[in-house]
Every structure is written in C-alpha cells, then in structure tokens.
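J.: 3D model of this:
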Amino acid sequence: MMEAAVTLPAGPSAGLFAELGGAMFLRALRILGDEAAAVRCAETLFVRFVVYAEAPALNERTRWNWIYRVGTSYALRQVSGDVQPGGGGEAAPWGQGRTRGGVSLPDIKALRRMDEATQSILVLWVLERLSANEIAEVLGLSEKLVRQRLDAAASAPGSSVIPDGGAAGDAAHPSSLALNRDRTDHVAHIEGCAQCRAEIDETERLAARFAREVAP
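T.: As a prediction, the model looks like this:
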C-alpha cells in the first residue's frame, strides 16, 4: 500500500493537530477505507476545525461533537460511485460489497442523502457499534431522539443501513473501538472475540503510525 504523505500545520497548531488529527483520521478511514484519502480528509477537516475552534463556546464535548458530525458528513461526500469494494476479511453484515472501511457502497449513497445529524448517528451505530445511550452521550442529544432517528432509518424504503430493525433491542455488537478495551463491561467479550481483537489491534496500529507521522 502506498504510504500517505502528511502535511503538518505550522506553529502552535501542530500540537492541536497531534491531539485531534488522529481522531479525524480514524473517523475518515472507517468510512473511506483508504489511508491516503483518510489523511487528506483529516488535513482538510483540521483546517476547518481551527476556524471553528475560535468560537468561545468550544469545550471537550463540542470538539468531539464537531469531529463526529462534520467529519462524518465530509468523509461521506468524498466517496464516489466508482470506489472499488475492498477484498479479504469477513463479509460486511449489511448491504452488498463494501469499501475497506466496511461500509457498502449502496449504504454510503443512502447515508449521503440523509441530514448531517442522522449521518453521524448511523455511522456511530453501524460502524462504531455504540448503543443508543452512548451515541446520545457522544453527540449531546437525547436518547429518545437517537432512537427515533435509528427507527426512522430502519423503516425507510429500501434501507439496509440498519439491518436489525432500528434501536429496539440495542443488540449491537460491542464497539470495536480501542478505547473500549478499558470498559469493564466489554473486557470479557473483547478478550474472547477474535473479530474484536483483530479490529482493535489494527486500529491501534494505525493510530500509532499516524501519531508518529504527525508528531510536532
């Protein structure tokens, strides 16, 4: 695979990029499935974030809200209809064909037609495998609203993005995010699940590599 070049911001922004760039990169990578495209996406998002960060109301919650909402929307817009599904690995549990990030191309097209808030909710539900309660906490929304959006997406004509009928049972597979290794309610599952272990190891590998490349 071709090594992606990273253009570092100059001055004090380099430290902020090291802190947030990895999160933006991983968000884009899980959607785009291509490291070079994800790096370009993260760089563009960071420039936009620096402008947004001047807002006086910015805090830790709004930072992550911004990354999920704007990052999801922007990354989805980068996917063109001629992206080739990645090979290898287990078949995606929804849709037919997929990018290496795990999202089927028909599902990407469906997501792009939705409003920005719903895009963020669905990506967190399907890709990150968070529960409705966790999504509400991350995005600063009510759990009721999150469930309503999930159920609406599940009942939409021709929808395959939500394969299990919405948020009714919250039966999503435990999150494969590396941060969940420290969650006591997921440790037992993760240690015994080959899929979770493989996804966590790969996420940590990419995060470590990206951190080295963007270090000030």
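J.: show me where pLDDT drops low in the chain?
T.: Residues of the chain that meet the criterion pLDDT under 70 lie in 1-19, 47-48, 50-66, 69, 77-112, 126-129, 155-191, 195-197, 199-216.
J.: any buried residues in the host helix or strand of Leu122, and which?
T.: Taking DSSP states H and E as the criterion, the element that holds Leu122 is helix 116-126. Neighbour-count burial for helix 116-126, with 16 or more other Cβ atoms under 10 Å as criterion, is recorded at 117-126. C-beta: built from backbone N, CA, C; applies to glycine.
J.: what does stretch 22-36 give?
T.: Neighbour-count burial for stretch 22-36 flags 22-35 (criterion: 16+ other Cβ under 10 Å).
J.: next: stretch 36-50.
T.: Buried, per 16+ other Cβ under 10 Å, within stretch 36-50: 37-43, 45-46, 49.
J.: CA atoms only: put that stretch into CSV for me.
T.: Only the C-alpha atoms of stretch 36-50 are listed here, as CSV (Å, rounded to 0.1, in the frame of the first residue of the first chain):
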residue,chain,number,x,y,z
ALA,A,36,-4.2,8.2,1.7
ALA,A,37,-7.7,9.5,1.2
ALA,A,38,-8.3,9.5,5.0
VAL,A,39,-5.1,11.6,5.6
ARG,A,40,-6.2,14.2,3.0
CYS,A,41,-9.6,14.2,4.6
ALA,A,42,-8.2,14.7,8.1
GLU,A,43,-5.9,17.6,6.9
THR,A,44,-8.9,19.4,5.4
LEU,A,45,-11.0,18.8,8.4
PHE,A,46,-8.3,20.2,10.7
VAL,A,47,-8.1,23.4,8.7
ARG,A,48,-11.9,23.8,9.2
PHE,A,49,-11.6,22.9,12.8
VAL,A,50,-9.1,25.6,13.5
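J.: could you shift the numbering so residue one becomes 31, and keep it that way?
T.: Got it, first residue is 31 now, which makes that one stretch 66-80.
J.: ok, and the closest non-adjacent residue to Leu160?
T.: Among residues not flanking Leu160 along the chain, Leu154 sits closest, at 4.9 Å (Cβ to Cβ, 6 or more residues apart in numbering).
J.: roughly how far does Gln178 sit from Leu56?
T.: 28 Å (Cβ to Cβ, to the nearest Å).
J.: got it, and Thr74?
T.: Going from Thr74 to Leu56 by Cβ to Cβ gives 15 Å.
J.: now Glu73
T.: From Glu73 to Leu56 the distance is 14 Å (Cβ to Cβ).
J.: cool, Met144 as well?
T.: Relative to Leu56, Met144 is positioned 22 Å away (Cβ to Cβ).
J.: please apply the same query to Leu169.
T.: For Leu169 relative to Leu56 (Cβ to Cβ), the value is 17 Å.
J.: and which of the buried residues of helix 146-156 is nearest to Leu106?
T.: Of all these, Gln149 has the smallest distance to Leu106: 6.2 Å, by Cβ to Cβ.
J.: surely the closest one meets Tyr104?
T.: No: here Gln149 does not reach Tyr104: they are 10.2 Å apart, not a contact under Cβ atoms under 8 Å.
J.: name the element Cys71 belongs to?
T.: Using DSSP H and E, Cys71 sits in helix 65-82.
J.: by contact count, what packs against that helix?
T.: On a contact count with 3 or more Cβ pairs under 8 Å, 6 or more residues apart in numbering; DSSP states H and E, helix 65-82 meets helix 43-62, helix 90-107.
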